[in-house]
Each structure stands twice: as C-alpha cells, then as structure tokens.
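Asks: My questions concern the predicted model and sequence given below.
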Amino acid sequence: MAKQYGFYMDQSNCIGCFTCQIACKDKNDLEVGQCWREVHEFQGGDTILEGGVYRSNVFAYWLSMSCNHCQEPKCVQNCPAGAMYKREEDGIVLVDQNKCLGCGYCTWSCPYGAPKLAGKTVSKCNFCIDLLEQGKNPACVDACIMRVIEFGPIDELRAKYGNVDEVKGLPSAQITKPCIVISPHKKAIE
C-alpha cells in the first residue's frame, strides 16, 4: 500500500460544537437521522458540600468519530457481496453501491458503527474522496472551528501527535487497527 490515510482528533480541545458533523451531513446531503461523522458527548462528576463549601468535579468532553478506514476493516472482511473494499493506493474504505445488497453485515461487523444502512444500501464516510481528488481537505476538517480535526497519512499523524487510538467510549484498537490518532481529554484516559 502506497500510503494509509487517517484522522487526527484533538479531543482535549474539542468544544462539542457539532460543526464537523453538520458539515459532513451537509456536504454529503444525508437524510434526516443519518450521520457519517458523529460527535459523542461524555459527562460525569458531581458537586459535594464540604465544610460549608460546594466543590465540583463535573466534567464534559466530546469525541468526533467517522469511519476510521481501519487497517483490518471488519466491514470489508464480512461483506458477503464484496461491496465494501479498501483502496490499495491510500487505504480508504469505500462502498460499491452497485454491489451492495443492503444486508447490513457491515453495520453489525464494524465496532465503531461507521457504515449506515440507508434505504436499501449502506453508505459511510468516504473521506470526501471527491474533495481529496481536488487537493482539498475533507469537509469535517475545514469546518472545524477549533481546528481539532486533521487528516493525512496515518504514519505522519502518528509521528506528529503520538499513537493514542484508544480512549473511553471506543472499542479496543486491536479489533480492527483503526487509522486514528487522538490527543485525549484527561478524563478519557483516567
């Protein structure tokens, strides 16, 4: 494989504005209720009264996720029609709509919930391949007002940001070897 594209997400600085999710939905003209990129909120903690003073350890953080274009994608491995495939030149996982049976095996197989059954076929994040071919970024990357989402060759992202691909809320990276790097919020790794 020439290169493997992936996403970087700076979870520690994400403000949960959902702009990336909206940009993806808008760019891909997705139906109501369908999202290829989803922002998940995590919150917890409490406020306690100590010696007449209220103390709080309340927290909230977000995780913006789309297809991770995994190195070992279960959606591709378990697609009976061969509709899900991984491109050799850049590792992007795509759906051939002409082959898709709409059986949903890929949706059940993906631990990240990336493929979405919509009508009679499956669709998912395609890295905004049409924009990439024009030398542009995926829509979610350019829409992020905090600039906490990047994309590029995964080896370059890992060299720049480290190799964290597991945080609270995600399945084990050993299942599919996702092509993501995350700068985690401190509560996502405690």
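Replies: Right, received. Where do you want to start?

Asks: quick one: low-confidence parts of the chain?
Replies: Within the chain, the ranges that satisfy pLDDT under 70 run 1.

Asks: which residues of it fall in helices?
Replies: For the chain, the helices defined by DSSP state H occupy 19-27, 74-77, 105-109, 129-132, 139-143, 154-161.

Asks: other SSEs contacting the longest one?
Replies: The reference is to helix 19-27. Applying 3 or more C-beta pairs under 8 Å, 6 or more residues apart in numbering; DSSP states H and E, we find helix 19-27 packed against strand 38-44, helix 139-143. In this view, the C-beta of every residue, glycine as well, is placed from N, C-alpha and C.

Asks: Residue 89 - nearest residue in space that isn't next to it in sequence?
Replies: Nearest in space to residue 89, with sequence neighbours left out and distances taken as C-beta to C-beta, 6 or more residues apart in numbering, is residue 2 at 5.1 Å.

Asks: Run a quick neighbour tally on the one you found.
Replies: Neighbours of residue 2 under the rule other C-beta atoms under 10 Å: 9.

Asks: one step back: want to throw the helices of the chain into CSV with distance to residue 43?
Replies: Listed next are these as CSV, based on distance: least, C-beta to C-beta, whole Å:
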stretch, distance to residue 43
helix 19-27, 18
helix 74-77, 29
helix 105-109, 27
helix 129-132, 33
helix 139-143, 23
helix 154-161, 25
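
Asks: Could you dump those into TSV with mean neighbour count and distance to residue 62 added?
Replies: Shown next, in TSV, are the helices of the chain (neighbours: other C-beta atoms under 10 Å; distance: least, C-beta to C-beta, whole Å):
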stretch	mean neighbour count	distance to residue 62
helix 19-27	19	10
helix 74-77	20	24
helix 105-109	19	23
helix 129-132	14	24
helix 139-143	20	13
helix 154-161	16	18
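
Asks: Pull the contacting residues for residue 97.
Replies: Neighbouring residues of residue 97 by C-beta atoms under 8 Å, 6 or more residues apart in numbering: 83, 121, 123.

Asks: Now intersect these with the strands, please.
Replies: Of the contacts of residue 97, the ones assigned to strands by DSSP state E are 121, 123.

Asks: and which of the contacts of residue 97 is nearest residue 159?
Replies: Checking these against residue 159 by C-beta to C-beta gives residue 123 as the nearest, at 31.9 Å.

Asks: count of residues packed around the residue lying closest to the closest one once chain neighbours are set aside?
Replies: For residue 123, ignoring the flanking residues on the chain, the nearest one in space by C-beta to C-beta, 6+ apart is residue 116 at 5.8 Å. Counted with other C-beta under 10 Å, the neighbours of residue 116 add up to 22.
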